[in-house]
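Enquirer: What follows is a predicted structure for the sequence shown.
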Amino acid sequence: MRTKDNYSFEPVGSVAPSAPLVEAVSPTGPPEACCNEEERPSDASIMVGCGLLGWVVAGPLLAILTALGGKYAADRYEGPIAESSKAVGRIAAAAGKKA
């Protein structure tokens, strides 16, 4: 079954010449300025948090691997793995401050 396509295109010249097509937005600051101390956990808290998580799941060998792997991912990569490692580090840091 085929539907009738109703597309309309307007040439760029038909738009008012004073109207901007794209507006430039200036950045708010350097990327480092957006992350404060609370946002970026320390390396030790990342390793402790990931190590405890690995120990609960599979024991001491996986605890060592997840501690080192979590720190490596948090330092080298940007993405879901790095963000989860940083989140575990923030949780470990908050627990350390409460204790």
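Expert: That came through, no problem. Numbering: from 1, shown residues only.

Enquirer: C-alpha from now on. contacts and neighbour counts both.
Expert: Will do.

Enquirer: wait, Cys50 sits on Ala67?
Expert: Yes. Taking Cα atoms under 8 Å as the definition, Cys50 is a contact partner of Ala67 at 4.8 Å.

Enquirer: Let's see the pLDDT reported for Asp43.
Expert: The score at Asp43 is 89. That number is its pLDDT.

Enquirer: Please enumerate the helices of this protein.
Expert: If DSSP state H is used as the criterion, the helices of the chain fall at 43-58, 60-76, 80-98.

Enquirer: what does the first one contact?
Expert: This means helix 43-58. Contacts of helix 43-58 from elsewhere in the structure, counted by Cα atoms under 8 Å, 6 or more residues apart in numbering, are 60-68, 70-71, 85-86, 88-93.

Enquirer: buried residues in it?
Expert: Within helix 43-58, the residues that count as buried by 16 or more other Cα atoms under 10 Å are Asp43, Ser45, Ile46, Met47, Val48, Gly49, Cys50, Gly51, Leu52, Leu53, Gly54, Trp55.

Enquirer: any chance of those residues in a markdown table, plus distance to Asp5?
Expert: Listed next are those as a markdown table, based on distance: Cα to Cα, whole Å:
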| residue | distance to Asp5 |
| --- | --- |
| Asp43 | 57 |
| Ser45 | 57 |
| Ile46 | 54 |
| Met47 | 57 |
| Val48 | 59 |
| Gly49 | 56 |
| Cys50 | 54 |
| Gly51 | 57 |
| Leu52 | 58 |
| Leu53 | 55 |
| Gly54 | 55 |
| Trp55 | 59 |
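
Enquirer: contacting residues around Ile64?
Expert: Gly51, Gly54.

Enquirer: got the contact list for Ala92?
Expert: So Ala92 contacts Ser45, Ile46, Val48, Gly49 (Cα under 8 Å, 6+ apart).

Enquirer: Before we move on, what's the pLDDT of it?
Expert: 92.
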